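Colleague: have a look at this prediction, sequence included:
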Amino acid sequence: MKQYHGSGGVAMDVERSRFPYCVVWTPIPVLTWFFPIIGHMGICTSTGVIRDFAGPYFVSPFSPPRYWKLDPAQVYASGPNAWDTAVHDASEEYKHRMHNLCCDNCHSHVALALNLMRYNNSTNWNMVTLCFFCLLYGKYVSVGAFVKTWLPFILLLGIILTVSLVFNLR
């Protein structure tokens, strides 16, 4: 069983999909094949349970290949268990929203949770900053997860390049 210990001594358990204090990401079939930085995102509770906005009026868990470990000491919201409260409140809010692929989606759900907890003393989290930070600081759970994410894009790129070279060299 792959387990990693993060801050606070809470173990990360890849097999059980437990990622305490993490933002997690997974590819969206077909869409990620063409645009590998686009995917589905969720945020985890202090015990590692993943919460995400999966569709209209639906918040659910999933199994990610990539995670971005956050520091719970960077939560500036007051109150006991501010991290879990913010994740819960964001999930409750998104249970009543309609999913929109471009505007109000899983990235917005994670941004709301980070804004509610004032992570890194900021309330300016949004889809773009989350995408950038996950790309920059995110880690894959395994080499296989990296390959599953990038192989379809590389194969499609190879096919496109091969076809364009064949037709241009005639």
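Modeller: Now that the structure is in, tell me what you want to look at. Numbers count the residues shown, from 1 in each chain.

Colleague: contacts, neighbours, all on C-alpha from now
Modeller: Fine.

Colleague: tell me the mean pLDDT for the longest helix belonging to the chain?
Modeller: As assigned by DSSP state H, the longest helix anywhere in the chain is helix 143-168. When pLDDT is averaged over helix 143-168, the result is 94.

Colleague: could you work out the end-to-end span of stretch 69-80 for me?
Modeller: The first residue of stretch 69-80 is 21 Å away from its last residue (C-alpha to C-alpha, to the nearest Å).

Colleague: same question, stretch 116-128
Modeller: Counting by C-alpha to C-alpha, you get 17 Å between the two ends of stretch 116-128.

Colleague: what's the longest helix of the chain packed up against?
Modeller: Where contact means 3 or more C-alpha pairs under 8 Å, 6 or more residues apart in numbering; DSSP states H and E, helix 143-168 is packed against helix 31-34.

Colleague: pull out the buried positions in the helix it packs on.
Modeller: Neighbour-count burial for helix 31-34 flags 32, 33 (criterion: 16 or more other C-alpha atoms under 10 Å).

Colleague: in the longest helix of the chain, what's buried?
Modeller: 145, 149, 150, 152, 153.

Colleague: quick one: which of those residues is nearest to residue 27?
Modeller: Proximity of those to residue 27 (C-alpha to C-alpha) peaks at residue 149, which lies at 6.3 Å.

Colleague: show me what contacts that closest one?
Modeller: Listed by C-alpha atoms under 8 Å, 6 or more residues apart in numbering, the contact set of residue 149 reads 27, 32, 33, 36.

Colleague: right, I'll leave it there.
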